[in-house]
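[1] Based on what follows, work out the 3D shape:
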Amino acid sequence: MIGVLMVCTGNICRSPMAEGVLRRYVQEMGLSDKIRVDSAGTTDYHQGEAPDRRAQATVLQRGVDISGLQARQVLAADFDTFDYLLAMDQSHVLYLQKLCSDPAQAEKLHLFADFAHNNDEREIDDPYYGGQEGFERVLELVEDASAGLLAHIRRQHRL
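    All right, here's what the predicted structure looks like:
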(Lines give C-alpha, C1' and ligand atoms only; values in the text may rest on other atoms or scores of the structure.)
Protein backbone atom coordinates (compact mmCIF):
# COMPACT_ATOMS: atom_id res chain seq x y z
CA MET A 1 0.00 0.00 0.00
CA ILE A 2 1.24 3.48 -0.90
CA GLY A 3 1.28 5.84 2.09
CA VAL A 4 0.78 9.59 1.81
CA LEU A 5 1.27 11.91 4.80
CA MET A 6 0.18 15.56 4.67
CA VAL A 7 2.13 17.82 7.04
CA CYS A 8 1.43 21.33 8.34
CA THR A 9 2.10 23.09 11.65
CA GLY A 10 -0.70 22.13 14.03
CA ASN A 11 -2.53 19.52 11.94
CA ILE A 12 -5.85 21.35 12.32
CA CYS A 13 -6.16 23.36 9.07
CA ARG A 14 -4.14 22.67 5.93
CA SER A 15 -3.04 19.06 6.39
CA PRO A 16 -6.42 17.66 7.50
CA MET A 17 -8.08 19.55 4.62
CA ALA A 18 -5.54 17.96 2.26
CA GLU A 19 -6.02 14.54 3.86
CA GLY A 20 -9.79 14.73 3.44
CA VAL A 21 -9.71 15.94 -0.15
CA LEU A 22 -7.07 13.44 -1.30
CA ARG A 23 -8.82 10.60 0.53
CA ARG A 24 -12.06 11.53 -1.29
CA TYR A 25 -10.28 11.53 -4.67
CA VAL A 26 -8.67 8.16 -3.88
CA GLN A 27 -12.09 6.71 -2.97
CA GLU A 28 -13.72 8.12 -6.11
CA MET A 29 -11.04 6.44 -8.24
CA GLY A 30 -11.49 3.11 -6.45
CA LEU A 31 -7.92 3.15 -5.10
CA SER A 32 -8.62 3.00 -1.34
CA ASP A 33 -7.09 -0.46 -1.19
CA LYS A 34 -3.87 0.85 -2.76
CA ILE A 35 -3.36 4.34 -1.30
CA ARG A 36 -3.52 5.31 2.38
CA VAL A 37 -3.75 8.98 3.38
CA ASP A 38 -3.00 10.53 6.78
CA SER A 39 -1.93 13.90 8.18
CA ALA A 40 0.24 15.24 10.99
CA GLY A 41 1.71 18.47 12.34
CA THR A 42 5.19 19.64 13.19
CA THR A 43 4.02 20.72 16.67
CA ASP A 44 2.01 19.06 19.40
CA TYR A 45 -0.05 22.19 20.16
CA HIS A 46 -3.35 20.64 19.11
CA GLN A 47 -2.64 16.94 19.61
CA GLY A 48 -5.90 14.96 19.85
CA GLU A 49 -8.06 17.90 18.70
CA ALA A 50 -10.44 17.85 15.74
CA PRO A 51 -9.66 20.10 12.76
CA ASP A 52 -10.46 23.80 13.02
CA ARG A 53 -14.21 24.40 12.57
CA ARG A 54 -13.52 26.73 9.61
CA ALA A 55 -11.46 24.04 7.88
CA GLN A 56 -14.24 21.53 8.49
CA ALA A 57 -16.92 23.86 7.12
CA THR A 58 -14.87 24.74 4.04
CA VAL A 59 -14.26 21.16 2.90
CA LEU A 60 -17.78 20.12 3.84
CA GLN A 61 -18.97 22.45 1.04
CA ARG A 62 -17.42 19.85 -1.29
CA GLY A 63 -18.92 16.94 0.61
CA VAL A 64 -15.72 16.09 2.49
CA ASP A 65 -16.19 15.38 6.20
CA ILE A 66 -13.02 15.72 8.27
CA SER A 67 -14.74 16.11 11.65
CA GLY A 68 -13.55 12.69 12.82
CA LEU A 69 -9.85 13.43 12.31
CA GLN A 70 -7.57 14.09 15.28
CA ALA A 71 -4.36 16.11 15.25
CA ARG A 72 -1.09 14.31 15.87
CA GLN A 73 2.56 15.22 15.66
CA VAL A 74 4.72 13.88 12.84
CA LEU A 75 7.29 11.29 13.95
CA ALA A 76 10.66 10.18 12.57
CA ALA A 77 9.05 6.74 12.14
CA ASP A 78 6.67 8.26 9.60
CA PHE A 79 9.55 8.17 7.11
CA ASP A 80 9.45 4.37 7.44
CA THR A 81 5.67 4.18 7.15
CA PHE A 82 4.92 6.62 4.33
CA ASP A 83 6.12 6.86 0.73
CA TYR A 84 5.25 10.56 0.37
CA LEU A 85 5.60 13.19 3.09
CA LEU A 86 4.05 16.38 1.74
CA ALA A 87 4.86 19.68 3.41
CA MET A 88 2.53 22.65 3.11
CA ASP A 89 5.34 25.21 3.29
CA GLN A 90 9.12 25.53 3.45
CA SER A 91 9.22 25.64 7.26
CA HIS A 92 7.71 22.15 7.28
CA VAL A 93 10.28 20.95 4.75
CA LEU A 94 13.08 22.16 7.01
CA TYR A 95 11.51 20.50 10.05
CA LEU A 96 11.07 17.20 8.20
CA GLN A 97 14.61 17.31 6.83
CA LYS A 98 15.93 17.55 10.41
CA LEU A 99 13.61 14.75 11.52
CA CYS A 100 14.73 12.39 8.74
CA SER A 101 17.78 10.42 9.87
CA ASP A 102 18.17 8.40 6.66
CA PRO A 103 19.32 10.44 3.65
CA ALA A 104 17.87 7.78 1.32
CA GLN A 105 14.41 8.49 2.74
CA ALA A 106 14.71 12.26 2.23
CA GLU A 107 13.53 11.74 -1.37
CA LYS A 108 10.06 11.03 0.06
CA LEU A 109 9.76 14.67 1.12
CA HIS A 110 8.05 17.19 -1.20
CA LEU A 111 6.24 20.50 -1.11
CA PHE A 112 2.61 19.54 -1.69
CA ALA A 113 1.93 22.55 -3.94
CA ASP A 114 4.64 21.33 -6.36
CA PHE A 115 2.07 18.80 -7.60
CA ALA A 116 -0.46 21.50 -8.54
CA HIS A 117 -1.04 22.03 -12.26
CA ASN A 118 -3.22 25.15 -12.24
CA ASN A 119 -1.40 27.28 -9.65
CA ASP A 120 2.12 28.66 -9.52
CA GLU A 121 2.30 28.96 -5.75
CA ARG A 122 4.94 26.75 -4.15
CA GLU A 123 3.53 26.99 -0.64
CA ILE A 124 0.08 26.68 0.87
CA ASP A 125 -0.23 29.51 3.38
CA ASP A 126 -1.67 28.99 6.86
CA PRO A 127 -5.24 30.34 6.98
CA TYR A 128 -5.56 30.07 10.78
CA TYR A 129 -5.20 33.78 11.64
CA GLY A 130 -7.09 35.09 8.63
CA GLY A 131 -10.63 35.05 7.37
CA GLN A 132 -12.73 32.59 5.43
CA GLU A 133 -11.10 33.58 2.14
CA GLY A 134 -7.85 32.02 3.38
CA PHE A 135 -9.57 28.67 3.93
CA GLU A 136 -11.19 28.93 0.49
CA ARG A 137 -7.77 29.55 -1.07
CA VAL A 138 -6.29 26.57 0.80
CA LEU A 139 -9.09 24.36 -0.51
CA GLU A 140 -8.49 25.56 -4.06
CA LEU A 141 -4.77 24.78 -3.83
CA VAL A 142 -5.36 21.46 -2.04
CA GLU A 143 -7.78 20.29 -4.72
CA ASP A 144 -5.32 21.18 -7.48
CA ALA A 145 -2.32 19.62 -5.74
CA SER A 146 -4.32 16.50 -4.81
CA ALA A 147 -5.32 15.92 -8.42
CA GLY A 148 -1.71 16.38 -9.54
CA LEU A 149 -0.34 14.13 -6.80
CA LEU A 150 -2.83 11.40 -7.59
CA ALA A 151 -1.92 11.56 -11.29
CA HIS A 152 1.77 11.33 -10.32
CA ILE A 153 1.19 8.34 -8.03
CA ARG A 154 -0.87 6.56 -10.68
CA ARG A 155 1.95 7.04 -13.23
CA GLN A 156 4.77 6.14 -10.84
CA HIS A 157 3.06 3.06 -9.44
CA ARG A 158 1.12 2.05 -12.55
CA LEU A 159 -2.29 2.22 -10.90
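[2] What average pLDDT does the helix ranked longest in the chain get?
    In the chain, assigned by DSSP state H, the helix with the most residues is helix 132-156. Average pLDDT, helix 132-156: 96.
[3] now swap in stretch 43-62 and tell me
    Taken as a whole, stretch 43-62 carries a mean pLDDT of 96.
[4] Now for the spatially most central residue of the chain: which residues touch it?
    The centroid of the chain falls nearest to M6 when counting by C-alpha atoms, centre = their mean (2.6 Å). By C-beta atoms under 8 Å, 6 or more residues apart in numbering, the contact set of M6 is 14-16, 18-19, 22, 37-40, 86, 88, 112. Quick note: C-beta positions are derived from backbone N, CA and C, even for glycine.
[5] Redo the residues you listed as TSV? Include distance to L99 and secondary structure.
    Conversion of these to TSV gives the following (distance: C-beta to C-beta, whole Å; DSSP: H, G, I helix; E, B strand; the rest coil):
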residue	distance to L99	secondary structure
R14	18	helix
S15	15	helix
P16	20	helix
A18	19	helix
E19	19	helix
L22	22	helix
V37	20	strand
D38	16	strand
S39	16	strand
A40	11	strand
L86	14	strand
M88	15	coil
F112	17	helix
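[6] in this structure, which spans are strands?
    2-8, 35-41, 84-87, 109-111 (DSSP state E).
[7] for those strands, which one sits closest to R158?
    strand 2-8 (11.3 Å; C-beta to C-beta).
[8] Identify the residue spatially nearest to D65, adjacent ones excluded.
    G20 (7.3 Å; C-beta to C-beta, 6 or more residues apart in numbering).
[9] again with A18
    Spatial nearest neighbour of A18, chain neighbours left out: M6 (4.1 Å); criterion: C-beta to C-beta, 6+ apart.
[10] The residue lying closest to Q132 once chain neighbours are set aside: what's it in contact with?
    Of all residues not flanking Q132 in the chain, R54 sits nearest, at 6.6 Å (C-beta to C-beta, 6+ apart). The contact partners of R54, by C-beta under 8 Å, 6+ apart, come to 13, 127, 132, 135.
[11] Can you say which of those residues are buried?
    Neighbour-count burial (16 or more other C-beta atoms under 10 Å) applied to the contacts of R54 gives 13, 127, 135.
[12] Could you export those to a markdown table, including columns for distance to H92?
    Shown next, in a markdown table, are these (distance: C-beta to C-beta, whole Å):
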| residue | distance to H92 |
| --- | --- |
| C13 | 13 |
| P127 | 15 |
| F135 | 18 |
